[in-house]
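> curious how this folds, go ahead:
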Amino acid sequence: MQKKYFIFRNSTVESLSSKFEADYSGYNDISYIPDNVDSYFWAYFSPIKANTNLYICEIEEYTQQLQLTLSQIKPYRACYAFTMHIMHFIYHENGNRRICKAIENYNSKLFELAEAYSNLKILDFSRFCNNYPSSSLIDWKFFYISQMYVNPKLASEFNKWIQNEIAAIGGKRKKCLVLDLDNTLWGGILGEDGIEGIQIGNTYPGNAFLDFQTNLLELSKNGVLLTVCSKNNEEDVVKAWNENPFLLIKKEQLAAWRINWNNKADNIAELAQDLNIGLDSMVFIDDNPSERELVKQMLPMIETIEFPKQPYMLYEFFKKICTDYFQIYKLTNEDKIKLEQYKANAERTLLQKSFTSFDDYLKSLEIVLNIQELNSMNLSRIAQMTQKTNQFNLTTKRYTEEDIAAFATQGAKIYCINVSDKFGDSGITGVAIVTLNEKNKIADIDSFLLSCRILGKNIEKVFLNYILQQLKNIGILHITSSFVPTAKNKQVSIFYEKNNFSFKTMEADGSKYYFYSLEHANLLISDIYRII
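Numbering: from 1, shown residues only. As a prediction, the model looks like this:
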């Protein structure tokens, strides 16, 4: 469902927000703050004035207006504010930095306010402006006729930029990059040119490939999984990894790889299965047009990217894929350690093969479940999980941090589960949102979801039973719940039936509704798990 916005503005912005359902304030008018919207925009752009003092005074007034506005907006409603960028000013004294300083102060104040108001999200407008020459940012015809500060000819690009920024705030980004090797991570062909002959190093074109690998490693540190899918002899590649000092991306930096002569589409499907991620969370990079076309045809859900024709274009290419697929507003702890988590999961899978008893295998893992209620430290991750989790997700409802805070304000119980074992900490990998009607002693499970990384160990049953016990402890006697089918959550279609919930009814779209009585429930939790 499309969200409705209210836009505070100091100029005409209707063309820039045409993709949104929105109402607008008057120019520089904060006297009216509607309550019947989902979110707000603070779309104040740098003023067009000749006088330095008046310019600075107006910017300072914007800061005061924003602070007053934020104090009146409910904390569970997001407010997106643009930083300020000098779009136009005629300098008569080149050494005078008063205008620049005023802009810097305004932007610094925005970030200070974002620390005080968690619902304030900052959008760096200069990142949009820097894509265009200053002469393109303003069309003076539209400025004088309609008070448009930003050129309406940029409306399409601006709308796309805004949508990417909001998606990043919601944590909606791809999870994994699938990389070719020859003429992609280095120049040349390893099998023909040899370890010393491939192009990577300090001179062109090797320096372009070296920077590309450097940037990819930084992306990996920010929670994106790197994998390799290459038609090569694996022993040759391993030898290159060991002997070429300029290669930065080696097996230690990869979540998984397929280096063989098999069909790349099949190899990529196997990589997704190994990592337990959806194909639609992957981005494929390969210099070979025929390989890209094969993957496009056989795996259309994967984002397959056109590769630059020249190595010197790699920097801008990397910038574009980051912007289009891997933006995120704020990293969680789980994002930062994602590679280690996936590698640890592979070790668990290997260990399982050495046991004949599943319970013995689970005991050997020494699983610890840390179940917490909502707090300021886990809020971001809880919201992120609702945005990203698809397969084990009973209702697939997407919530922002402000939405989660609103649930808490209305008395809902919000739980998350942190799972660790002897191989490492998987981080917060499960979420449940339960709304309460304490007067009637009824609760409804609005959302119940777990990361695929922790499935296969009955943790979902333990988590559910723990929550049911907590609800029983506060006097809740009856539980309602639902399953809403999507293209990806078929595996949980009978989750509630398997956990003794009574089926009530089903709608035409396949949505199912359940009931559970806590009055005489026996909620046993296996001693295999240590719960803290």
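> could you list the domains of this protein?
When the chain is parsed with automatic domain parsing, its domains come out as 4-169, 176-325, 351-531.
> host element of Ile145?
Per DSSP states H and E, Ile145 falls inside helix 140-146.
> hmm, who's touching that helix?
By Cβ atoms under 8 Å, 6 or more residues apart in numbering, the surrounding residues in contact with helix 140-146 are 12, 48, 148-149, 151-152. C-beta coordinates here come from the backbone N, C-alpha and C atoms, glycine included.
> and the average pLDDT for that helix is what?
For helix 140-146, mean pLDDT rounds to 94.
> how far does it sit from its chain's centre?
38 Å (Cα atoms, centre = their mean, to the nearest Å).
> and that helix, what's buried?
Buried residues in helix 140-146, defined by neighbour count with 16 or more other Cβ atoms under 10 Å: 142-143.
> just stretch 58-77 next, same as before
Neighbour counts over stretch 58-77 (16+ other Cβ under 10 Å) mark 58-59, 62-63, 65-66, 69-70, 73, 76-77 as buried.
> out of those, who's nearest Lys441?
Among those, Tyr76 lies closest to Lys441 (Cβ to Cβ), at 26.0 Å.
> circling back to that earlier point, farthest pair within the contacts of helix 140-146?
So, the contacts of helix 140-146 by Cβ to Cβ: farthest apart are Ile48 and Pro152, at 15.6 Å.
> helix/strand/coil for the nearest residue in space to Phe6 that is not next to it in sequence?
Spatially, and ignoring its direct neighbours in sequence, Phe6 is nearest to Val37 (4.5 Å; Cβ to Cβ, 6 or more residues apart in numbering). Using DSSP: H, G, I helix; E, B strand; the rest coil, the structure places Val37 in coil.
> so how far is the helix or strand that Ile382 is a member of from its chain's centroid?
Using DSSP H and E, Ile382 sits in helix 379-388. Put simply, helix 379-388 sits 9 Å off its chain's centre (Cα atoms, centre = their mean).
> pLDDT of it, averaged?
Across helix 379-388, the average pLDDT comes to 92.
> got it, and stretch 406-426?
On average, the pLDDT along stretch 406-426 is 92.
> what comes up buried for it?
Within stretch 406-426, the residues that count as buried by 16+ other Cβ under 10 Å are 406-408, 412-421, 423, 425-426.
> using PDB, write out every CA atom in it.
Provided in PDB are the C-alpha atoms of stretch 406-426 (Å, rounded to 0.1, in the frame of the first residue of the first chain):
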ATOM      1  CA  ALA A 406       4.500   2.700  17.300                       C
ATOM      2  CA  PHE A 407       3.700  -0.900  18.100                       C
ATOM      3  CA  ALA A 408       5.600  -0.500  21.400                       C
ATOM      4  CA  THR A 409       3.800   2.700  22.200                       C
ATOM      5  CA  GLN A 410       0.500   0.900  21.700                       C
ATOM      6  CA  GLY A 411       1.500  -1.800  24.200                       C
ATOM      7  CA  ALA A 412       2.600  -4.600  21.900                       C
ATOM      8  CA  LYS A 413       5.200  -7.200  22.900                       C
ATOM      9  CA  ILE A 414       8.100  -7.300  20.600                       C
ATOM     10  CA  TYR A 415      10.700 -10.000  20.900                       C
ATOM     11  CA  CYS A 416      13.900 -10.900  19.100                       C
ATOM     12  CA  ILE A 417      16.200 -13.900  19.400                       C
ATOM     13  CA  ASN A 418      20.000 -13.900  19.300                       C
ATOM     14  CA  VAL A 419      21.400 -17.300  18.400                       C
ATOM     15  CA  SER A 420      25.000 -18.400  19.100                       C
ATOM     16  CA  ASP A 421      26.800 -21.700  19.300                       C
ATOM     17  CA  LYS A 422      30.400 -23.000  19.500                       C
ATOM     18  CA  PHE A 423      31.100 -21.900  15.900                       C
ATOM     19  CA  GLY A 424      30.100 -18.300  16.500                       C
ATOM     20  CA  ASP A 425      27.300 -15.700  17.000                       C
ATOM     21  CA  SER A 426      24.600 -15.500  14.400                       C
END
